[in-house]
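1. Give me coordinates for this.
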Amino acid sequence: MVYREVRSAADDIAFVMTRLGVGDALAQLAPFREFDTATLMQVVNEAGRFARDVLAPLNAAGDRDGCQWQDGEVRTPAGFAEAYRQYREAGWPSLPCDPDVGGQGLPIVAQVALQELTAGANLAWTMYPGILHGAYECVHRFGNEALQDAWLAPLVSGEWLATMCLTEPGAGSDLGQIRTRAEWFDDQTVRVTGEKIFISGGDQDFTPNIVHLVLARTADAPAGSAGLSLFLVPKWLPDGERNAVQCTGIEHKMGIRGSATCSMAFEGATGYLVGSPHGGLEAMFAMMNSARLHVGASGLGLAQSAFEMSARHASERVQSRVPGAAAGAPIAAHPAVWRLLEGQRVAVEGARLLLYRAALAIDEAHHAETPEVRQQANALAALLTPVVKAMLTEQAFDGASAALQVFGGYGYVEETGISQIMRDARIPMIYEGTNEIQAIDLFMRKIVRDNGATLGQWLDWARAQVCEVSTDNALGGFHAALACFDEWRALMPNAISLAQASPRAALCVAGEVMRVVHGLSMAGLWAQAALADGGDVHGKRSAARYWLKFELPDTQRAMGIIAAQTAEPETAA
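-> Predicted structure coming up:
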C-alpha cells in the first residue's frame, strides 16, 4: 500500500494558483496582466527542478562538513558556491525586482515559491541568498539616488549578496540596547565601530563583495530604538579598498551547519546612510517583514520534505498485522501511523493556503488600482505575516518530529536524513524575531492597535467561506467552526480590553491569540479549498475533514484559555 498519492510541492502550488484563484487575482494587477498562471507555473516548476537536481544533493554533505573559518575568511561546503553561480546565471536573484533597475518584475508570490522549494531542498544554502530580496527592498525604497546608483544593480543581479546586521552581544531582540556607533564623516557617510553576532552569511565565498546593512547609533541620537540609523557597509569599497569589517569567527551549531553564522567586527568601517538619520528601524523593517514571510516559506519547505520522506518510508516498510487484514502490511496502513502521516499532509497543505494568501496580499498592497484597496491589502499582509512566520515554522518542527516518529529508530540516525531536517527546522522558530515576539506583535500591534478592525474584516471573509460550505452534509464539521467564529466575536473585545488595562496579563495569552487567529484563518481557507475541490480529486475535502476533527479543537482550547484569563487575569511572578 502506498500512502495516498503524495503531491509534490509544485503540484500543490498549482492547485493554489489555479483552483483557488491566486493566479487570476495576480492577473488583475497592472504589472502582471501579461503574466498568466501558466507562465507562473513554468517558473515554479523550474525552481523545483533546480532545488531537486542542484541543491538537494548538497544538503547532507553540507550538514556533515559545515563551513570553515580561517583568518577572517569563510569557506562554504563543497559545491555550495558552484550552485550559487548556477542560481545567479539563471536569473533567480532578480525575480521580483523592479524592471526599471534590472529586475524581472515577477510577483512576490513567485519569490515565495522559490524560497519554499529551495529551502525544502537545502535550507543552509538558501540562507545565503535568503536576505537578498529584503536588502533590495531596503535600498530601493529608502536609499537616495547616489546610493541606488552605486549599490542596487549588483544586488538585483545577485553579483553581490547582503546581510542584515542587528544582533549584538547583550542586545538581541531589544534593539534599544544596540551599542554599535557611527561617527559622521560627512552628511551621508560614517565610520562604524562595534560588534555584531549571529550574522547569517557575514562572510562567504559565493560573491566578491558583501553588502552589510547595519543598525548603529550616532553621537547625536536619542536613547533607545528611536535613535538608531541604518547604514550600508560593504566588505569592499568602490575604489577597491578593503573596508574595515571582518568576520571574527563562525558558530558551531545544532543545525544549518552549511550556513556561516558569523561574528562581525566593524572597526571604523566606512558606511553610507540608508534613509534618514534615526530612521533606521523603518528602513530595517522593510527587510524584516520580507524575511519573516520567507522564513515561513522555509518552514513549509522543510515540512514538505519531511512528509515526503516519511510517507515513502511508511509505504515501503511492512510490519505486523493491521486490524481487518490477514497478514502484515506497510506501516502506512496502521491507524497510528496514518494519523502521523495525515497530520503532516494537512499541516503542509494548509500552510500553503495561508502562505500564498499572505504573499498575494503583499502583491496587492504594492499594485492594486486604488489607494483604498492597497491600504486594505497592506493591513492584511501585516496581520498575516507574523502568523505565517510563527505557525509555519512551528509546524515544520512538529512535522519533522512526526516524520522521525514514522521512521522509528531509523529516524534517529543520520543516514535517513530526518534528523537533519529536525535540527534545521528548529532555528526558523527563533530567528527574525522569535515566535513569542511574533505573537506579541500580532496581538498588541496588529489587533489591539486598530481595535480588531483588520482582523474582523479578514475573519468576515473566512466565516463567509465556512457558511458557504457548511450546507454540504459531507463536511458537516464546519458547523463547529462557525461556533468558533461566533465565540471569538464575543471574546475579542474582552481580550482587547485586557490588553489595554493589563498588558502584562494580556501577554500571558498572546500565544493563544496567535493560535486562534491561525485556526480561524485555516477554517476559512480549508472551506475555500473544499469548495474548489468538489470531487476531492486533490484531497482537499478529506484534508478539511481531518482538520475539523483533529486540529480545530486546538483553536477551541486556545479560546478557553483566553476566556479564563480575561475573566480572572493572572500573570507570571
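
2. Report pLDDT for residue 33.
-> Note on residue 33: pLDDT of 92.

3. Chain neighbours aside, what residue packs nearest to it?
-> Using Cβ to Cβ, 6 or more residues apart in numbering and skipping residues adjacent in sequence, the residue nearest residue 33 is residue 27, 5.9 Å away. Where C-beta positions appear, they are placed from N, C-alpha and C, glycine not excepted.

4. Count the residues that sit near that neighbour.
-> When neighbours are counted by other Cβ atoms under 10 Å, residue 27 registers 15.

5. what's the answer for residue 323, then?
-> For residue 323, the neighbour count with other Cβ under 10 Å is 7.

6. Make sure it is indeed in a strand.
-> No - counting by DSSP: H, G, I helix; E, B strand; the rest coil, residue 323 is not part of a strand but coil.

7. For it, give me its contacts.
-> With contact set as Cβ atoms under 8 Å, 6 or more residues apart in numbering, residue 323 has these partners: residue 335.

8. separation between it and residue 333?
-> Going from residue 323 to residue 333 by Cβ to Cβ, to the nearest Å gives 10 Å.

9. Ok, residue 340 next?
-> 13 Å.

10. Repeat that for residue 533.
-> Distance, residue 533 to residue 333, using Cβ to Cβ: 24 Å.

11. Residue ranges in the protein under the pLDDT threshold?
-> Along the chain, segments meeting pLDDT under 70 span 1-3, 325-326, 571-573.

12. again, only using 80
-> Across the chain, residues meeting the criterion (pLDDT under 80) sit at 1-5, 171-176, 286-289, 320-321, 323-328, 473-474, 476, 570-573.

13. how about the strands of it, start to end?
-> Using DSSP state E, the strands found in the chain span residues 68-70, 73-75, 161-165, 181-184, 189-200, 210-218, 228-234, 245-250, 261-274, 318-321, 328-330.

14. can you put those in JSON lines and add distance to residue 14 and mean neighbour count?
-> Converted to JSON lines, the strands of the chain look like this (distance: least, Cβ to Cβ, whole Å; neighbours: other Cβ atoms under 10 Å):
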{"stretch": "strand 68-70", "distance to residue 14": "40", "mean neighbour count": "13"}
{"stretch": "strand 73-75", "distance to residue 14": "38", "mean neighbour count": "16"}
{"stretch": "strand 161-165", "distance to residue 14": "30", "mean neighbour count": "27"}
{"stretch": "strand 181-184", "distance to residue 14": "48", "mean neighbour count": "18"}
{"stretch": "strand 189-200", "distance to residue 14": "31", "mean neighbour count": "21"}
{"stretch": "strand 210-218", "distance to residue 14": "35", "mean neighbour count": "24"}
{"stretch": "strand 228-234", "distance to residue 14": "39", "mean neighbour count": "25"}
{"stretch": "strand 245-250", "distance to residue 14": "39", "mean neighbour count": "20"}
{"stretch": "strand 261-274", "distance to residue 14": "35", "mean neighbour count": "22"}
{"stretch": "strand 318-321", "distance to residue 14": "33", "mean neighbour count": "12"}
{"stretch": "strand 328-330", "distance to residue 14": "28", "mean neighbour count": "16"}
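
15. If it's not too much trouble, I'd like the ones you listed exported to a markdown table so that distance to residue 488 sit alongside each entry.
-> Putting the strands of the chain into a markdown table (distance: least, Cβ to Cβ, whole Å) gives the following:
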| stretch | distance to residue 488 |
| --- | --- |
| strand 68-70 | 50 |
| strand 73-75 | 48 |
| strand 161-165 | 35 |
| strand 181-184 | 46 |
| strand 189-200 | 37 |
| strand 210-218 | 37 |
| strand 228-234 | 37 |
| strand 245-250 | 46 |
| strand 261-274 | 40 |
| strand 318-321 | 43 |
| strand 328-330 | 41 |
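
16. For residue 498, which of the ones you listed is the nearest?
-> Each of these has some distance to residue 498 by Cβ to Cβ; the shortest is strand 228-234, at 31.1 Å.

17. I am finished for the moment; much appreciated.
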